[in-house]
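Student: model the structure of this input:
(one chain, ligands or ions: 1)
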Amino acid sequence: MKYLITGAHGQLGQELQKLLRERGLTFVAYDSKALDITNREAVMATFKAEQPDVVLHAAAYTKVDLAEDEGRAMNWQVNVTGTKNIADATKQYGAKLVAVSTDYVFDGLNVGEYRETDPVNPRNAYGRAKLAGELAVIESGAAAYIVRTSWVFGEFGNNFVYTMQRLAESHPKLTVVNDQLGRPTWTRTLAEFMLHLIAVEATYGIYHLSNDETATWFDFAKEILKDTTVVVEPVTSAEFPQKAYRPKHSVMNLEKAKETGFKIPSWREALKRFLYR
Ligand SMILES: NC(=O)c1ccc[n+]([C@@H]2O[C@H](COP(=O)([O-])OP(=O)(O)OC[C@H]3O[C@@H](n4cnc5c(N)ncnc54)[C@H](OP(=O)(O)O)[C@@H]3O)[C@@H](O)[C@H]2O)c1
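Tutor: Residues are numbered from 1 along each chain as shown. Below is the predicted model of the structure:
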């Protein structure tokens, strides 16, 4: 079985490479320089040459605020056209696809947990593009899993955990938003789940996957810095205006993922394992 990873230099792409290497699985990994997924001919040529059995699609345009204006075209090209190219190639070469999407396909205005079948209503440009990417995957007719995730952190690349640790080096006090509720996701948990879907031959379709239990960014920051002397104080989103809309309550239900037999650690457990690895 041969795996092909897109977006190989991203947070998730690097974690996937590490996990596949640890498990002794055969894979090829393409970063944006080796394979620009917006180039349909290049995508088709790569699939023809590699003949992958499984495609782990981690490439994405992830600059949520820039996607509102100067990154608008790029957001659409990568997250919609690029994902369509990958899905069409997966279908043409008879592979299986695991594509990654986001909780931003929802508006974050509900009070409970979002199920996979709940109506979508993206409120920012990134969320709209990721949703169009999901539809491109479905329309391609490829054998595909779409895994929606949220608040991704891990060993590789920029993320909230590293930002908090960096700020803590020079600030005795930090203020962090306490009115957005969600679920952090360790890249390791996400990568393991992507391989799990393939291993157990789960039913194709949409899955929600984050770490278990909910948090605000303030809760998350406090846990990250709990072994330091830094004081973390809660503030409202109004004090940290951002260009793109952010959901207030973005908690995805994890039952469908659990029903595949996958054990999901809580975000506190995942963070502990990440920090003390
Ligand atoms: N990060 C989060 O909090 C979060 C939350 C929800 C969902 N997700 C989703 O999770 C997945 C993984 O995200 P991540 O955090 O690993 O993102 P990331 O660190 O930004 O990695 C994305 C990778 O995609 C590559 N890429 C961009 N344009 C490309 C192109 N045209 N062709 C090929 N590769 C291209 C980037 O390469 P360059 O660096 O060279 O541009 C980058 O290495 C994505 O689908 C994302 O939408 C992420």
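
Student: span of stretch 174-192 from start to end?
Tutor: Start and end residues of stretch 174-192 are separated by 33 Å (C-alpha to C-alpha, to the nearest Å).

Student: same thing with stretch 22-32?
Tutor: For stretch 22-32, the end-to-end distance is 23 Å (C-alpha to C-alpha).

Student: buried stuff in it?
Tutor: For stretch 22-32, a neighbour-count test (16 or more other C-beta atoms under 10 Å) marks 27-32 as buried. The way it works is simple: take the backbone N, C-alpha and C, and place the C-beta from them, glycine included.

Student: just give the closest residue to the single nearest residue of the stretch 151-277 of the chain relative to the ligand, not the sequence neighbours.
Tutor: The minimum distance from the stretch 151-277 of the chain to the ligand, using C-beta to the nearest ligand atom, falls at Val152 (3.5 Å). Closest residue in space to Val152, ignoring its immediate chain neighbours: Thr185 at 5.1 Å, by C-beta to C-beta, 6 or more residues apart in numbering.

Student: repeat for Pro247
Tutor: Pro247 sits nearest to Gly108 (C-beta to C-beta, 6+ apart), 2.0 Å away.

Student: residues contacting the one you found?
Tutor: Contacts for Gly108 (C-beta atoms under 8 Å, 6 or more residues apart in numbering) come out as 123, 246-250.

Student: count the residues that sit near Gly71.
Tutor: Residues near Gly71, counting by other C-beta atoms under 10 Å, number 19.

Student: can you give me the distance of the residue nearest to Pro247 to Val230?
Tutor: 28 Å (C-beta to C-beta, to the nearest Å).

Student: and Glu192, by the same measure?
Tutor: Plainly put, Glu192 is 31 Å away from Val230 if you go by C-beta to C-beta.

Student: next, count neighbours for Gly10.
Tutor: Residues lying near Gly10 (other C-beta under 10 Å) number 22.

Student: wait, it touches Asn158, no?
Tutor: No: between Gly10 and Asn158 there is no contact under C-beta atoms under 8 Å: 10.2 Å.

Student: quick check: residues of the chain near the ligand?
Tutor: 6-7, 9-13, 31-32, 35-38, 58-62, 78, 82, 100, 102, 130, 149-152, 157 (C-beta under 6 Å from any ligand atom).

Student: now do the contacts for the residue nearest to Val152.
Tutor: 149-153, 209-211, 267, 270.

Student: and the residue of the stretch 1-150 of the chain found nearest the ligand, backbone torsions?
Tutor: Per C-beta to the nearest ligand atom, Gly10 is where the stretch 1-150 of the chain lies closest to the ligand, at 2.0 Å. Here is the backbone geometry of Gly10 (degrees, to the nearest 10): phi -80, psi 180.

Student: for it, give its distance to Gln17.
Tutor: 10 Å.

Student: how about Met194?
Tutor: 12 Å.

Student: so which of the two has more stuff around it?
Tutor: Neighbour tally, Met194 and Gln17, criterion other C-beta under 10 Å: the higher count belongs to Met194, 27 against 21.

Student: show me where pLDDT drops low in the stretch 51-200 of the chain?
Tutor: Counting by pLDDT under 70, the stretch 51-200 of the chain contains no low-confidence range.
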